[in-house]
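Colleague: Sequence and computational prediction follow.
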Amino acid sequence: MDPTGGCPHAANAALLAKGAVAEVLLPGDVPAAVVLGHEALKEFIGHPDVAKNARHFTALQEGRIPDGWPLKTFATVQGMVTADGDDHRRLRSLVSKAFTVRRVEALRPGVERLTAELLDGLATAAAENGGVADLREHFALPLPMSVISELLGVKEEFRDRLHVLSTLVVSTDIGPEEAMAANREMVAVLGAVAASCKEHPGEDLTSALIAAREEDGDRLSEAELIGTMLVMIIAGHETTLNLITNAVRALCAHRGQLDLLRLGGADWADAVEETLRWDSPVSYFPFRYPTRDLTVDGTVIPRGTPVLAGFSAAGRDPAAHGPDADRFDLTRRSATRHLSLGHGAHYCLGAPLARMETAIALKQLFARFPELTLAAPEAELPRQRSFVGNSVQRLPVRLGQPAAGRA
């Protein structure tokens with residue numbers, strides 16, 4: 001695996017041509033596997049003999065994974081994403097009430113107001129820079145970061161630093177000292193957020209988690225509290241940030257699809273789903289471990305192997321999406337069959353929120369700035385330095401003239 005990331009699609013296509021499962025080396029020459037084919041990945045994720053808890057990670061348990069390994073947090077963080085069975089159900093139940101369809105719909109008016117405010121800020125940034133602004137910095141980032149921060153009770157003073165630390169934590173192109181420092185600081189910042197919520201409890205999720213721990217100390221340990229907050233912050237904004245960014249890139253590159261949206265031939269929910277399939281915001285997600293030697297699509301994955309879920313590859317698998325799987329098409333019937341938000345017990349809790357935020361963001365953005373175009377060629381946009389996240393670091397856009405009535 002290339003630790004510097006880059007656009008995954010060419011490599012994915014080459015691997016898929018050889019089979020649905022591939023052996024790979026992770027940074028530090030750690031043997032691993034990736035499951036790339038749609039049906040194989042769906043089977044693997046839902047298999048009863050596949051675990052998330054790192055006690056099944058053979059190399060880690062044998063002491064062969066050093067501190068500072070850039071992917072270690074994905075294995076060792078305590079929370080829903082590394083729990084199985086009853087532990088997973090216990091931790092998920094504590095968080096799930098914040099992400100029901102009803103609760104998410106109640107957030108819609110606030111997300112719509114925030115989106116409009118951020119578009120004002122995007123226009124100001126462009127006016128100060130010759131008509132060009134970084135849409136990722138001024139719009140795609142602050143929208144989900146503000147929403148998840150409000151849900152978790154994260155004050156404004158912590159948000160910028162948490163984004164920087166989140167980017168470092170998910171980076172695969174990072175040295176051991178920097179990785180350990182980022183993780184220590186992330187824990188410290190989240191500890192400060194938790195302390196603030198404990199001292200001044202509110203209606204936020206962190207306050208609710210702390211109350212649950214204090215009412216029944218066995219329900220949530222300190223490490224699980226911090227681990228849950230860490231996962232919620234990273235997954236709650238990095239994924240949606242990439243999704244909004246990738247959707248804007250896709251629509252700017254496929255103006256006919258954008259016209260289809262404007263003419264009512266497709267809706268913004270279609271744009272969200274096709275982006276999730278065509279350019280998944282997460283490329284290779286760590287980790288799952290077979291609890292016995294497991295044969296997947298004819299390939300044996302040995303017990304204890306760390307396995308990556310190849311979401312970006314599965315989204316363009318011709319076996320699932322046809323020979324034109326690499327074409328961006330809002331009318332594609334198979335678009336909703338993607339696995340980019342997971343599958344089974346570990347399906348993304350925040351999926352309804354991510355979908356809602358992105359649909360609102362796209363609808364308002366292109367209504368306000370119908371002439372919006374990329375201000376740099378796609379090939380020149382710097383990619384995220386990670387094979388976990390899948391997007392670009394910056395997205396300079398030229399806004400053009402705003403729609404009539406919006407100066």
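Modeller: The structure has been received and is ready for your questions. Just so it is clear, the model here is predicted, and its values are computed rather than measured.

Colleague: from the middle of its chain, how far away would stretch 364-374 be?
Modeller: 24 Å (Cα atoms, centre = their mean, to the nearest Å).

Colleague: start to end distance for it?
Modeller: End-to-end distance of stretch 364-374 (Cα to Cα, to the nearest Å): 17 Å.

Colleague: Give me the contact list for that stretch.
Modeller: Here stretch 364-374 makes contact (Cβ atoms under 8 Å, 6 or more residues apart in numbering) with 112, 115-116, 119, 123, 139, 248-249, 251-253, 258, 261-262, 381, 395-403, 406. In short, each C-beta sits where N, CA and C put it, glycine included.

Colleague: where do the helices sit along the stretch 51-200 of the chain?
Modeller: Taking DSSP state H, counting those that start in this stretch as the test, the helices found in the stretch 51-200 of the chain are 58-61, 72-76, 85-96, 101-127, 135, 142-152, 156-170, 176-199.

Colleague: can I get those helices in a markdown table with mean neighbour count, distance to residue 236 and mean pLDDT?
Modeller: Output for the helices of the stretch 51-200 of the chain, formatted as a markdown table (neighbours: other Cβ atoms under 10 Å; distance: least, Cβ to Cβ, whole Å; pLDDT from 0 to 100):
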| stretch | mean neighbour count | distance to residue 236 | mean pLDDT |
| --- | --- | --- | --- |
| helix 58-61 | 16 | 26 | 97 |
| helix 72-76 | 20 | 16 | 94 |
| helix 85-96 | 15 | 11 | 90 |
| helix 101-127 | 15 | 12 | 95 |
| helix 135 | 29 | 20 | 98 |
| helix 142-152 | 22 | 3 | 94 |
| helix 156-170 | 18 | 10 | 92 |
| helix 176-199 | 17 | 13 | 93 |
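
Colleague: And these: which comes nearest residue 9?
Modeller: helix 156-170 (19.4 Å; Cβ to Cβ).

Colleague: thinking again about what came up before, mind giving me the ChimeraX command for buried ones among the contacts of stretch 364-374?
Modeller: Here is the ChimeraX command that selects the buried residues among the contacts of stretch 364-374 (16 or more other Cβ atoms under 10 Å):
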select :115,119,123,139,248,249,251,252,258,261,381,395,396,397,398,399,402
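
Colleague: Which members of the contacts of stretch 364-374 occur in helices, if any?
Modeller: The helices, defined by DSSP state H, take in 112, 115-116, 119, 123, 248-249, 251-253, 258, 261-262 from the contacts of stretch 364-374.

Colleague: Of the helices of the stretch 51-200 of the chain, give the one that comes closest to residue 303.
Modeller: helix 58-61 (7.2 Å).

Colleague: Report the distance from that closest one to the chain centre.
Modeller: Once both centres are worked out by Cα atoms, centre = their mean, helix 58-61 turns out to sit 26 Å from its chain's centre.

Colleague: Which neighbouring elements make contact with it?
Modeller: helix 72-76 (3 or more Cβ pairs under 8 Å, 6 or more residues apart in numbering; DSSP states H and E).

Colleague: what does the helix it packs on contact?
Modeller: By Cβ under 8 Å, 6+ apart, helix 72-76 touches 54, 57, 60, 65, 81-82, 169, 179, 183, 230, 286-287, 306, 388.
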